[in-house]
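[1] Just a sequence and a predicted model for now, questions to come.
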Amino acid sequence: MATLDLYKKRQPHQIYIEVDNHKKAFLIPTQYTVEEVERLLEIQAEKDELLKQKVEEDSVEAERALATFWDNIYDQLLILFNHYQPEIEKDFLLKYVSRENAIEIIGFFTEQHIQSVEEDAQNVKKKVIVKS
């Protein structure tokens, strides 16, 4: 029997991070699991709540909102890294991944994910056979 596996090309992405002056490869997924999406939705809800708050630049609330924002970014990064490296903890990421790199990794994942979804959609269109 013939099978169509739209996900056979999806291999994990490699991310290189300098750990103790050595470049080390880590794997991140090409897509999230259902559980990971649920965790991300919780993080997004927290971010949305932060955006609703009216804070002034010099206020304590602004500092707290900014700290929560970065905490959420690293939570999202932890979800990506824990997919293949469950032993990694948030403290490790905070130590070895700068804020700029954290945003860059999340952006890379998002771009690659969108690309793979678009490719899958094109493949499905090509594979559909219309019977008359």
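    Now that the structure is in, tell me what you want to look at.
[2] C-alpha only now, for contacts and for neighbours.
    Will do.
[3] My read is that Ile79 contacts Glu38, right?
    No. Using Cα atoms under 8 Å, Ile79 makes no contact with Glu38, being 10.8 Å away.
[4] Those two - which one has more neighbours?
    Ile79 (23 against 12; other Cα atoms under 10 Å).
[5] Tell me which helix or strand the more buried one sits in.
    Element membership for Ile79, per DSSP states H and E: helix 60-82.
[6] and that helix, average pLDDT?
    Average pLDDT, helix 60-82: 87.
[7] From the contact counts, what lies against it?
    If you count contacts as 3 or more Cα pairs under 8 Å, 6 or more residues apart in numbering; DSSP states H and E, helix 60-82 packs onto strand 22-28, helix 34-52, helix 90-96, helix 99-127.
[8] If we use 7 Å, what do you get?
    strand 22-28, helix 34-52 (3 or more Cα pairs under 7 Å, 6 or more residues apart in numbering; DSSP states H and E).
[9] Among the ones you listed, single out whichever gets nearest to Tyr96.
    Tyr96 lies closest, by Cα to Cα, to one member of these: strand 22-28, at 10.8 Å.
[10] which parts of the closest one are buried?
    Within strand 22-28, the residues that count as buried by 16 or more other Cα atoms under 10 Å are 27-28.
[11] List of residues touching that strand?
    Residues from elsewhere that reach strand 22-28, judged by Cα atoms under 7 Å, 6 or more residues apart in numbering: 12-18, 80-81, 83-84.
[12] Counting neighbours, which of those residues end up buried?
    17, 80-81, 83.
[13] Pick the one among these closest to Asp48.
    Set against Asp48, the nearest of the buried ones among the contacts of strand 22-28 by Cα to Cα is Leu80 (20.7 Å).
[14] Report the contact partners of that closest one.
    Applying Cα under 7 Å, 6+ apart to Leu80 gives the contacts 28-29.
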